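Participant: Pasted the sequence and its predicted model underneath.
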Amino acid sequence: MSALNILVVDDAGFIRDLVKKAVRAQFPEFNVAEAGDGRKAQSMMRSGKYDLVLCDWEMPEMSGLELVQWMRAEEAYAQIPFMMITSRGERSHVIKAVEAGVNDYIGKPFSNEQLGTKLARLVYKFYKISPNQTARQAQQKMGGDSASLLTGAPAEAAKPKTVAAAKVSSASLLTGAAPSAQLVDKPPAAQAAPKAKPASRNLALANVRTSAGSVLRCIVKDINLNEMLVVVKREEGIPALFDQVVVDIVSKEEDLVARVNAYVQMLQGTEKRQGSELVNMLVRYEDQDPEKLEALSRFVAKVR
């Protein structure tokens, strides 16, 4: 059959890029489109035809739950597979999503392998297409270029920043060496960690969940509406630069404020030596959901 049309829906561009990369790694022949919220996705589905939807739950304009409910009421999309991709992993939310018509569910943060495995199972279940089938088809069409099969892009295309990031020595990141200019979107001067504010009785703790399944308990050194600087023990295992994470912000009274999708923007040892036990980790938020931003705003006002 012809290549499937996949729609990726998330208000965070960084997450959309990760999902698109996972799709193209498994199925390089598939067509992948994206939308920044449920309302835009709904408009795209009315004007086009999509065979699979990979969607976030919490988004502005229209949530993922509202989108799947609309789809199940539409004849053209009543049976189209829908995978929910979200940081809301509690059992009650999973049950609610399944009752609304979600076919599969994956929690953030996730690895490419985790998403790829679930995606392959879902595609095979509904369309009897396996990743090996599409890989062979792409190889025949593109002359056997294995690099393009894995990335979903021509071999001569420029490598993404994350590839360059993988070449940076982990030791240099932990000892505070400046990252290469090709890894950043801002000028080097703008990449310095925000200056830590003096300790405060209101200063908070945060749990950082990684795609490897670990939960890091961190001390918040500084926080604003765009990013957060935390300290984490090196021995607990830290994510890599540009890795996807979910930040659970907790008040002094263990009051959960919000689960915020983010990525690791900087890693730097707290001491100027290779064996530093503590690491400064700067995470930048990717969420655009109004409710999360409102909760985050209240929390920042409380601790600053």
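Facilitator: Thanks, I have it. Residues are numbered from 1 along each chain as shown.
Participant: okay, now the domains of the chain?
Facilitator: For the chain, the domain assignment from automatic domain parsing gives the residue ranges 5-154, 163-303.
Participant: pLDDT averaged over the first one - what is it?
Facilitator: Same thing as domain 5-154. The average pLDDT within domain 5-154 is 85.
Participant: Go through the domains of the chain and pick out the most buried.
Facilitator: Greatest average neighbour count among those goes to domain 5-154 (a mean of 18), per mean count of other C-beta atoms under 10 Å. From N, CA and C alone the C-beta is placed, and that goes for glycine too.
Participant: starting at the chain centroid, how far to that domain?
Facilitator: In terms of C-alpha atoms, centre = their mean, to the nearest Å, the centre of domain 5-154 is found 13 Å from the chain centre.
Participant: Could you pull up phi and psi at residue 12?
Facilitator: phi -100, psi 120 (degrees, to the nearest 10).
Participant: residue contacts, it?
Facilitator: 56, 261, 286, 287, 288 (C-beta atoms under 8 Å, 6 or more residues apart in numbering).
Participant: Skipping adjacent residues, who's closest to the third one in space?
Facilitator: Using C-beta to C-beta, 6 or more residues apart in numbering and skipping residues adjacent in sequence, the residue nearest residue 286 is residue 12, 3.5 Å away.
Participant: By residue count, which strand of this protein is the longest?
Facilitator: Criterion DSSP state E: the longest strand present in the chain is strand 256-269.
Participant: helices and strands around that one, which ones?
Facilitator: When contacts are defined as 3 or more C-beta pairs under 8 Å, 6 or more residues apart in numbering; DSSP states H and E, strand 256-269 sits against helix 13-26, helix 170-174, strand 227-233, strand 244-250, strand 278-285, helix 290-303.
Participant: in the chain, which spans are helices?
Facilitator: 13-26, 38-47, 64-73, 91-100, 112-127, 131-142, 146-151, 161-166, 170-174, 290-303 (DSSP state H).
Participant: nearest to residue 82, of the ones you listed?
Facilitator: helix 64-73 (5.0 Å; C-beta to C-beta).
Participant: CA-only coordinates of the longest strand of the chain in CSV, if you can.
Facilitator: In CSV, the C-alpha atoms belonging to strand 256-269 read as follows (Å, rounded to 0.1, in the frame of the first residue of the first chain):
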residue,chain,number,x,y,z
LEU,A,256,2.8,19.2,43.3
VAL,A,257,2.5,22.4,41.1
ALA,A,258,3.0,21.2,37.6
ARG,A,259,4.5,18.7,35.3
VAL,A,260,6.5,20.7,32.7
ASN,A,261,8.0,19.3,29.5
ALA,A,262,11.6,20.5,29.1
TYR,A,263,15.0,19.6,27.6
VAL,A,264,18.5,19.8,29.0
GLN,A,265,20.2,23.0,27.8
MET,A,266,23.4,23.0,29.9
LEU,A,267,25.4,20.7,32.1
GLN,A,268,28.2,22.1,34.3
GLY,A,269,30.1,20.9,37.3
